[in-house]
Every structure is written in structure tokens, then in C-alpha cells.
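A.B. asks: Provide a 3D model corresponding to the input given below.
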Amino acid sequence: MSQEGQSDAPISVGDDGTPTVFLNPDHPGSSDRDYRRRRNAILAAAQGYTPGDPAPEVEYSLDDHECWRFIRKELDARHHTYACTAINEASEALGLPYDHAPQLRTVSQKIGKLTGFGFVPAAGIVPVEEFYGTLADGIFQATQFIRHSSIPLFSPEPDMVHEIIGHGTALADKKFADLYRLVGRTVRRLETKEAVNAVSRFFWFTMEYGVIKERGEMMAFGASLLSSYGELAEFRSVEIRPIDVREMITVDYNYEQYQPILFHAESISHFEDAISEFCQSISDDSIGRLMESKVWV
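C.D. replies: Got it, this is the predicted structure:
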């Protein structure tokens, strides 16, 4: 998961090399010893991951599987109402299970056959440049833990529901997968933090919270919307502006609450054109002018 816009779950490593995830007192799993143990085991497996290997197998508990079953069923119903056609078609092609939490390696193999993209395990927060840069190689660095079962419809941090149902579904569609790669190539050629942050913000309002107009309705395709049961049902009631790159890279947002402002494209092709133009035109030299002057469609 990317460093940008993510809640902190501090990690420490003991003298014996054992990693530990520290959950805030208000985290739903903070007082659950078994849940914390599983989080630590998943973290240790990710830290021991060797690039090029399949993602390590995770031992999910009965509570984890029940949590997945519940949220998978509930989100699926809302996707049929609020998600765009391309996302629902990609979801059908990906065929995520309903009865158990899937292994990251299994989902990765399925996506690989569809679009060539794949998941690798992330051992905590990944620096922005690294997270986006590896998208150019068809690699998405993802978490493998699942939210606490006491609150299945909410997670204070990006979990496997967000990664697999949100991003994974989009990555099962070739058009979206190609745009993820384009974002990765763009970040790799940039050198300044300011320019990279601009791409990250643009990603936030497109790949995370993107909306398109379809059959006269606003329909979601962004991963954060697709994986948020509550926000998915309410996003049409917020202010939804036409795509405007300058606004998207300068407007304030708070990742700990529902987004008060979203941006929409008129169609998938309009969205593709907007991202392509932005990625082709942004540079370390032009970012200052871009933020000062409204020159983008």
C-alpha cells in the first residue's frame, strides 16, 4: 500500500528480528490478541518475501473467512447498483470467491492471465516513488491482512478487501491495467517530490475515487469507492465536478472521512484521454506552472 493517504500502523522489529504491528487503542482489533498475532505473522511473511516468488500463503482464521464472506456479498450487491459496467464485467471475469478469503497469490495468478498484472506482498507502508514506480512493471504492492471481523463494513486502513476487491477488480480490466502502468512509467521519469506528489493526488481522484457518467448516472470505478460499503451508497450526494487536473492536484482531501468532492469523466474513453494527457504532459519543470494556471481539460 502506498505511503500517501494511509493510516499509520507503526511497525517495530525486536532484537530477535521479529516484527510487530502496533494498532492504535481505537483500532477494532487492538484488544484482540489472536488478531494481533495474525497481523504480526502476515507482516513477518511479507518481510521475508523474495521478489519473483508467489506471495506467501496466509493462515486466515474462521473469523477472517466470515468477515470476507459478509463484505464480499454486501459489496457485490452494491457494485451492481453503483459500479460502472467495465468494473462489473471485470469482476465477473476475475471471479473472486464468496465463501472464503482468497490467497493473494491465487488472485494474482488470475489477474496475470487477464491483463499481465500481479500482486506482491507489502510489508507495511511503501514509499510513494516505489509504490507507483513498480506499477510500470505490472506489479501492485498489496497488504494481505483483513479488517477485524467486529466491524466488517469498515476498516481504518487499507486491507485485502481494498486491495483485492478495489484495485484487483480494476486490474482485471485491460484498459484500467494499462492506465496503472502509465502512471507507473510517469512517476519513474519524474525526479522532484512535488511532481510525484501531483501524480499521487491525481491517482487519488481517479484510480481511488474516480467516477464516470454512464446511462445518465454517476457510476464508480475507483478502488476506494468500490471497497467502501458506506461511501459507495452515498457518493452521488456529494459535489461531483468535471475532471479538472489543476483542481485534482491542489484540492484538499482527508483520507479518514468520506470525500466531500469527487471528479467525473463523461465516459471511459474520456477518462483514458484525461489520464494520458496528464501523464504525457507533466514534468518536473512544468508542475509549478500547472498548479498556478488552469490549463488542463
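A.B. asks: helix or strand: which one has the closest residue to residue 242 other than its chain neighbours?
C.D. replies: Distances taken as Cβ to Cβ, 6 or more residues apart in numbering put residue 264 closest to residue 242, at 6.5 Å, once the chain neighbours are dropped. In this view, the C-beta of every residue, glycine as well, is placed from N, C-alpha and C. Using DSSP states H and E, residue 264 sits in strand 261-265.
A.B. asks: quick one: list the elements packing against the next helix or strand after that strand.
C.D. replies: Going down the chain from strand 261-265, the next helix or strand is helix 268-281, by DSSP H and E. In terms of contacts (3 or more Cβ pairs under 8 Å, 6 or more residues apart in numbering; DSSP states H and E), helix 268-281 is packed against helix 174-189, helix 193-203, strand 211-214.
A.B. asks: could you give the mean pLDDT of the second one?
C.D. replies: Looking back up the chat, that one is helix 193-203. Average pLDDT, helix 193-203: 95.
A.B. asks: strand partners (parallel or antiparallel) of the strand holding residue 264?
C.D. replies: Partner strands and pairing direction for strand 261-265 (DSSP bridges) are strand 211-214 (parallel), strand 239-242 (parallel).
A.B. asks: quick one: closest of those to residue 102.
C.D. replies: Closest approach to residue 102 among the strands paired with strand 261-265 (Cβ to Cβ): strand 211-214, 27.1 Å.
A.B. asks: from residue 181, how far off is the spatially closest residue to residue 287 that is not a sequence neighbour?
C.D. replies: The shortest distance from residue 287 to any non-neighbouring residue, by Cβ to Cβ, 6+ apart, is to residue 195 (4.4 Å). Separation of residue 195 from residue 181 (Cβ to Cβ, to the nearest Å): 18 Å.
A.B. asks: neighbour count winner among these two?
C.D. replies: Between residue 195 and residue 181, residue 195 has the larger neighbour count (other Cβ atoms under 10 Å), namely 22 against 19.
A.B. asks: quick one: residues contacting that one.
C.D. replies: By Cβ atoms under 8 Å, 6 or more residues apart in numbering, the residues touching residue 195 are 282, 283, 284, 287.
A.B. asks: what distance separates the start and the end of stretch 216-236?
C.D. replies: Chord length of stretch 216-236, first to last residue, is 12 Å (Cα to Cα, to the nearest Å).
A.B. asks: what's next to it, contact-wise?
C.D. replies: By Cβ under 8 Å, 6+ apart, stretch 216-236 touches 71, 74-75, 78-79, 82-87, 153-154, 161-162, 165-167, 169-170, 176, 205-213, 240, 258-259, 262, 264, 271.
A.B. asks: ok, and for that stretch, which residues are buried?
C.D. replies: Buried residues in stretch 216-236, counted by 16 or more other Cβ atoms under 10 Å: 218-229, 231-232, 235.
A.B. asks: ok, now stretch 105-114?
C.D. replies: Buried residues in stretch 105-114, counted by 16+ other Cβ under 10 Å: 105, 106, 107, 108, 110, 111.
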